[in-house]
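**Q** sequence first, then the predicted structure, then my questions.
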Amino acid sequence: LSGQGDVLGPALIADPAVAGVTFTGSHEVGMRIARALQGPPFPRPCIAEMGGKNACIVTTAADLERAATGIVRSAFGMGGQKCSALSRLYVHERVADALLAKLLQQIESIGIGDPARREHWLGPVTTQSAYDNYGRYVALLRGGGARLVTGGEQLRDGVLGRGWFVRPTIAEAPPEHALWNEELFVPILMMHRVASNEAAMELANRSPLGLTAGFYGGAHEVGWFQEHIEAGVTYANRPQGATTGAWPGYQAFGGWKGSGSTGKAIGSFYYLPQYMREQSQTVVE
C-alpha cells in the first residue's frame, strides 16, 4: 500500500485481520505501535527495528588513518540518512587532534552535488524537512556550548540551490548537550574527548538506543569493546565503515535496548520463528 504513514498505519494496526506488524522507523512510532498491538481484540506481535544513535570509540592504540576513513564513510555516507549512521564519536584526548586533522583532510575532498555524477560523493538530504532540521541542529549546537569544527552550512549557490544540499559537519560538544540523545538523520557528527577508554564506554552506553557501534584501537582492546558495548551490531578496526555496512545474508542485524523490540536479529537463526505459531497436537486413534 502506498500513502501517508499516519493514515495507513493506524488503519492497519486497528484491523483485527492483521496478525502482527513488522516495523522499521523511529523509536517513538515503534513503541506506539507495540503498545497498540497489546490491546484489543487480543495481543499481537510487533517486530520493530527502531533506529540508532550509534557511537564509535577511538583509543590511543588506533590506526588513525583507518579510523578516519571508516568514520567519514559512516557519518556522512548517504548523508547520514540511515539507521546505522555514525552519530557519536568518543576519542581519547591524546589522539583527538591528530584524528581531527585526518578527518578534515578527508572531508575537504568530498564532492557535493548530483549523486548520479561520479565526481560527487555526497548528494542532498531527501526532504525539505531534513534540510530544515539540519539548520535547526546547527543552531542548537552553536547555542548549546558546542564548537563547530567544520561544516554547518546549508548550500544554496548555483545548481546546489536546486536541492537540499548541506555540508558535512563535525561538532565538539559537552556530554550534557541535548543532541547526544536525538537521532538526527543528517550529516552531522558529534565528538567528545575522553581521558580514558572506560569514560568513552560509559558515554557510548548512555544512549537508550543500541543498534550499531564502532571501535578503533589495539587488537588487545577489541575483546574489551565487544564485551562491554551495548549494541546489537559491532565493528572493530574496519575502514569500510565505523558503524555501517552490514552484509545481508551473512550477518545478523538487529538492535539492543530501544533499537529493537524482540532481541531477535534479522538474518539470525531466531528471526523467522517470530512469524510462526506453536501448536501442540494430540491424536488418539
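**A** Noted; the coordinates are in hand.

**Q** okay, CA-based contacts and neighbour counts for the rest of this
**A** Noted.

**Q** mind checking pLDDT for W247?
**A** According to the per-residue confidence, W247 scores 86 in pLDDT.

**Q** which SS class is it?
**A** Secondary structure assignment for W247 (DSSP: H, G, I helix; E, B strand; the rest coil): coil.

**Q** how close does it sit to G145?
**A** Remark: distance between W247 and G145 (C-alpha to C-alpha, to the nearest Å) = 38 Å.

**Q** what about these two, which has more around it?
**A** Shown here are W247 and G145; by other C-alpha atoms under 10 Å, G145 has more neighbours (13 against 10).

**Q** got the contact list for the nearest residue to A36 once chain neighbours are set aside?
**A** Distances taken as C-alpha to C-alpha, 6 or more residues apart in numbering place I13 nearest to A36, at 7.4 Å, with adjacent residues excluded. The contact partners of I13, by C-alpha atoms under 8 Å, 6 or more residues apart in numbering, come to 21, 33, 36-37.

**Q** from these, which ones fall inside strands?
**A** Secondary structure defined by DSSP state E assigns V21 of those to strands.

**Q** just the strands from the chain, written as ranges.
**A** Secondary structure of the chain by DSSP E: the strands cover 21-24, 46-49, 54-58, 86-92, 147-150, 169-172, 188-194, 209-210, 212-216, 233-236, 256-257.

**Q** separation between the closest residue to W121 other than its chain neighbours and Q105?
**A** For W121, ignoring the flanking residues on the chain, the nearest one in space by C-alpha to C-alpha, 6+ apart is G111 at 5.2 Å. G111 sits at a distance of 13 Å from Q105 (criterion: C-alpha to C-alpha).

**Q** these two: which has the busier surroundings?
**A** Ranked by neighbour count (other C-alpha under 10 Å), G111 and Q105 place G111 first, with 15 against 12.

**Q** doesn't R117 make contact with the more buried one?
**A** No - with contact defined as C-alpha atoms under 8 Å, G111 and R117 do not form a contacting pair (9.8 Å).

**Q** where does the prediction get shaky in this protein?
**A** For the chain, not a single residue meets the criterion pLDDT under 70.

**Q** which residue ranges of it form helices?
**A** With DSSP state H, the ranges of helices along the chain come out as 5-14, 27-37, 64-76, 96-108, 128-143, 197-204, 219-228.

**Q** beta partners of the closest residue in space to A75 that isn't next to it in sequence?
**A** In space, not counting the residues next to it along the chain, A75 is nearest to L86; the distance is 4.4 Å by C-alpha to C-alpha, 6+ apart. L86 has the following beta-bridge partners by DSSP bridges: N54.

**Q** just confirm L86 contacts I71, I think it does.
**A** Yes - when contacts are counted by C-alpha under 8 Å, L86 is listed as touching I71 (7.2 Å).

**Q** what do these two both touch?
**A** 242-243.

**Q** the more surrounded of these two?
**A** More neighbours surround L86 than the other of L86 and I71, with 34 against 29 (other C-alpha under 10 Å).

**Q** show me what contacts the more buried one?
**A** Each residue near L86 by C-alpha under 8 Å, 6+ apart is listed here: 53-56, 71, 74-75, 80, 189, 213, 242-244.

**Q** closest one of those residues to Y90?
**A** Using C-alpha to C-alpha, C56 is the member of the contacts of L86 that sits closest to Y90, with 6.2 Å.

**Q** any idea how far L86 is from the closest one?
**A** When C-alpha to C-alpha is the yardstick, C56 and L86 sit 7 Å from each other.
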